[in-house]
Every structure is written in C-alpha cells, then in structure tokens.
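Enquirer: need coordinates for the below:
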Amino acid sequence: MTTGIEIGRRVLLVLVDIGLADIVVSVLYIVLLAAVGVFVIQDGRHPAIENESTIVNQSTVTSYLEQVSIPPMLSFDTGVEISVWIILLIAVVVGSLSGFLGVGGGFLMVPALMYGLTMPGAVAVGTDIFQITISSAYGSFVYGQRGAIHFAMLLPLLVGSTVGTRIGAGLTDYLDDAELKTAFGVMLLIGSVSVASKTVSHTYGIELLHNLSLMLLLGGTLVMSAIIVILGFENIREEQLLAKQ
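Expert: So this is what the prediction gives:
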C-alpha cells in the first residue's frame, strides 16, 4: 500500500501540473464507486451460501489467484492458499488508487479481501483498518511535506472518526455479512451519484446539482449510519432475549 500511495501521488501531481487532476479524479471516483457498489449489493442480496452462481464466480476468482504458486504462500481459514506476491500486487494497485484519489482505499481493499481472498466481511474490515493506520501515516507525511494538509480540521476529524470507528467496530459482531455488504454497497452508490452531481455542477455551473451533491453525501451518510446502528441494536436485543430463554 505504501509503495502504491507513492505511485498514485506522483501521477496525481503530474495531472495537477497539466490541469487535468480534477476531471480525471472525479470520473475515476464515479466509475469505481458505482462499479464496486453494484457488485457488493448484488452479493449482499444473493450471498454465496444461497446462490450457486455466486459460489462459482467467487471460486473462479480465487482459483485464478491460487494458480500463482510462487512462495512464500499464505494460508487462510477457508483453506485457500495465496502467494504473498499476489497480495502485494493487490496492495500496490489499491495503494496507487488511494494515493491518487486521496482515500484510505477501503472501498477497494475490503471487496478485494472478501472476494479475492475469501475473508469474512468483519475480518476484511478489521484487516483493512489496521493496515490503513500505517499506510495512511506515510501518505500523510508525504502530503504534509508539500503543505497539502488542513491542520485546523485534524482534531474534529480525529475525534469524530475515532468515536464512530469504535461504535462501528462493536456493531460488526451483531451484523451478518449480507447486512454489512448491502449497507457498504449503498454507501458507495450514494457517493458515486454525489461525485457525479458535483462534477457536472462545477463543469456547467449548475448550483442546484452542487446542493444535491452535498445533500446526498451528508444525508445518505447519516441515513445509512442510522440504519446500521438500528440493525445492530436490534440484533443485540434479539440475542439478549434468546439468551434469557
């Protein structure tokens, strides 16, 4: 991821110099968010345990990865063995997009871990958050050297994200993979539409679309967060009732 972030950063700076950074980043955001969002939602609605075709698709992806048997190899609880070099390649690609788009890479890394390496949703999220702690630190350092960090926003962002991460991490134990995938996919689709609205607004000067972009981003995030919290607490209550019985 760290190597990829450096590659993405250098590509972005080249595009900034020639004046194409904004449009390229926006289009790439829209395409990636929409594509990954649709894929994850489809899998959430028709999980592999219920849909034989999904099992075939997932096993096909994994089987291709398993064909690369260059040591050292890593074994997973699902019985899958993947070459470390494949994992490094995935990380470099995701890291490049992360450094280019200025995101943690979670919306790409989590699906890669779940579908390419057959990790359970909660394990994929936890693994990604842990590696982001280190790789993002490097990204912050190199961007900080260029004065590209708004330090006044750091404290409220850190406080809010820390509290939110703690709540979210606790709720993952009480949400099944289908619920997590569906919520994750819907968030990505909302983000895609929001970025598209903002891009068109800036290109053609349509103020209404700019406001729509903000409403979708903030409103969609609040609604989906509320749904996740409600589902999590409902599942907690159901488990407590079953325990009493």
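Enquirer: next SSE after the helix or strand of the chain with the lowest mean pLDDT?
Expert: In the chain, the helix or strand scored least confidently by mean pLDDT, DSSP states H and E is helix 52-66, which has a mean of 55. Next along the chain after helix 52-66, taking DSSP states H and E as the criterion, comes strand 73-75.
Enquirer: for the next helix or strand along the chain from that next one, what is the average pLDDT?
Expert: Going down the chain from strand 73-75, the next helix or strand is strand 81-83, by DSSP H and E. For strand 81-83, the mean pLDDT works out to 81.
Enquirer: just give me how far strand 81-83 sits from the chain centre.
Expert: 23 Å (CA atoms, centre = their mean, to the nearest Å).
Enquirer: name the next helix or strand downstream of that strand, please.
Expert: Downstream of strand 81-83, the first helix or strand assigned by DSSP H and E is helix 84-101.
Enquirer: can you list the residues that contact that next one?
Expert: With contact meaning CB atoms under 8 Å, 6 or more residues apart in numbering, helix 84-101 is reached by 1-9, 11-12, 25, 28-29, 32, 65, 68, 70-74, 103-105, 108-109, 112, 116-117, 131, 135, 139. For every residue, glycine as well, the C-beta is placed using N, CA and C.
Enquirer: off-centre distance for that helix?
Expert: Put simply, helix 84-101 sits 13 Å off its chain's centre (CA atoms, centre = their mean).
Enquirer: which regions of this structure lie under the pLDDT threshold?
Expert: Along the chain, the model assigns pLDDT under 70 to residues 44-62, 78, 102-107, 135, 172, 177.
Enquirer: do that again at 50, thanks
Expert: 48-58 (pLDDT under 50).
Enquirer: helices along this protein, start to end?
Expert: Taking DSSP state H to define them, one finds helices in the chain at 2-18, 21-45, 52-66, 84-101, 106-111, 121-145, 154-171, 177-204, 207-244.
Enquirer: check contacts around residue 70.
Expert: The neighbourhood of residue 70, defined by CB under 8 Å, 6+ apart, consists of 83, 85.
Enquirer: ramachandran angles for it?
Expert: Main-chain dihedrals, residue 70, degrees, to the nearest 10: phi -80, psi 120.
Enquirer: from residue 209, how far out is residue 219?
Expert: Distance, residue 219 to residue 209, using CB to CB, to the nearest Å: 15 Å.
Enquirer: same deal with residue 7?
Expert: Residue 7 is 33 Å from residue 209, by CB to CB.
Enquirer: number of residues surrounding the closest residue to residue 167 other than its chain neighbours?
Expert: Nearest non-adjacent residue to residue 167, counting by CB to CB, 6 or more residues apart in numbering: residue 229, 7.2 Å away. Here the number of neighbours of residue 229 (other CB atoms under 10 Å) works out to 13.
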